[in-house]
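Chemist: Test case, fold it:
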Amino acid sequence: MELQPKHLRNTLAELIPLRLGDFEELYAVASDPLIWEQHPNPDRYKQEVFKVFFEGALASGGAFLIRDPSSGTAIGCTRFYDHLPERREVKIGYTFFDRTCWGRSINPAVKSMMLEHAFLYVDQVIFHVGVNNIRSRKAMEKLGAVKMGEEDIAYHGERENRNVVYRILKGDRSA
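Modeler: Just a heads-up that it's a prediction; the model follows:
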């Protein structure tokens with residue numbers, strides 16, 4: 001599976017492979033504490049904490065800077081990770097958006113592009129969402145993801161936190 005395709009774009013968002021030089025631009029988005037208030041790591045708005053997140057994003061080989069296609073402005077980040085070819089599975093996550101994007105159908109547009117690409121290679125996509133991140137849990141349910149349970153997950157360079165595990169199967173949607 002190509003974890004960083006260069007062609008994911010629709011009218012609401014463009015996904016561009018994340019590069020080292022994107023740090024300052026992306027941190028300008030991530031530095032808003034309200035983005036992280038429900039997240040398992042609510043300090044991610046701090047530069048030294050965000051730097052660990054960013055390093056993990058680069059190391060994943062599947063991270064994207066999300067841009068508004070009309071203005072070219074950075075509006076967030078997301079990634080493919082933990083591709084398991086033998087299980088025909090990949091994970092999508094580590095997604096965040098500038099608050100100006102909230103409630104504007106941008107998240108479903110991004111996830112739909114990613115699901116469409118993923119389902120060329122896999123049969124299931126897994127999502128981990130912090131157990132107290134109600135906003136993201138509701139977004140998963142609106143997307144049609146099915147709750148599979150809960151597990152403790154250690155994000156790159158961070159302590160373990162309880163997450164809800166969601167799944168979307170290839171046949172469950174026409175992504």
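Chemist: And the strands in this structure, which stretches?
Modeler: Assigned by DSSP state E, the chain shows strands spanning 8-9, 14-17, 63-67, 74-84, 89-97, 124-130, 146-154, 160-169.
Chemist: Next, the buried residues of the last one.
Modeler: It refers to strand 160-169. Using 16 or more other Cβ atoms under 10 Å as the test for burial, strand 160-169 gives 161, 163-168. Using the backbone N, CA and C atoms, a C-beta is placed for each residue, glycine as well.
Chemist: now the second one
Modeler: Taking 16+ other Cβ under 10 Å as the basis for neighbour counts, the residues of strand 14-17 that come out buried are 14-17.
Chemist: what does it contact?
Modeler: Strand 14-17 is contacted by residues 4, 6, 8-9, 63-69, 78, 110, 113-114 when judged by Cβ atoms under 8 Å, 6 or more residues apart in numbering.
Chemist: With the third one instead?
Modeler: Residues external to strand 63-67 that are found in contact with it (Cβ under 8 Å, 6+ apart): 4, 8, 13-19, 22, 25-26, 57, 73-79, 94, 97, 106, 110.
Chemist: and that strand, how far from the chain's centre?
Modeler: Averaging C-alpha positions (Cα atoms, centre = their mean, to the nearest Å) puts strand 63-67 9 Å from its chain's average.
Chemist: Could you tell me the angle between that strand and strand 74-84?
Modeler: Following axes from the mean of the first three to the mean of the last three Cα atoms, to 10 degrees, one obtains 150 degrees for the angle between strand 63-67 and strand 74-84.
Chemist: Strand partners (parallel or antiparallel) of strand 63-67?
Modeler: Sheet neighbours of strand 63-67, with direction, are listed as strand 14-17 (antiparallel), strand 74-84 (antiparallel) (DSSP bridges).
Chemist: Many thanks, have a good one.
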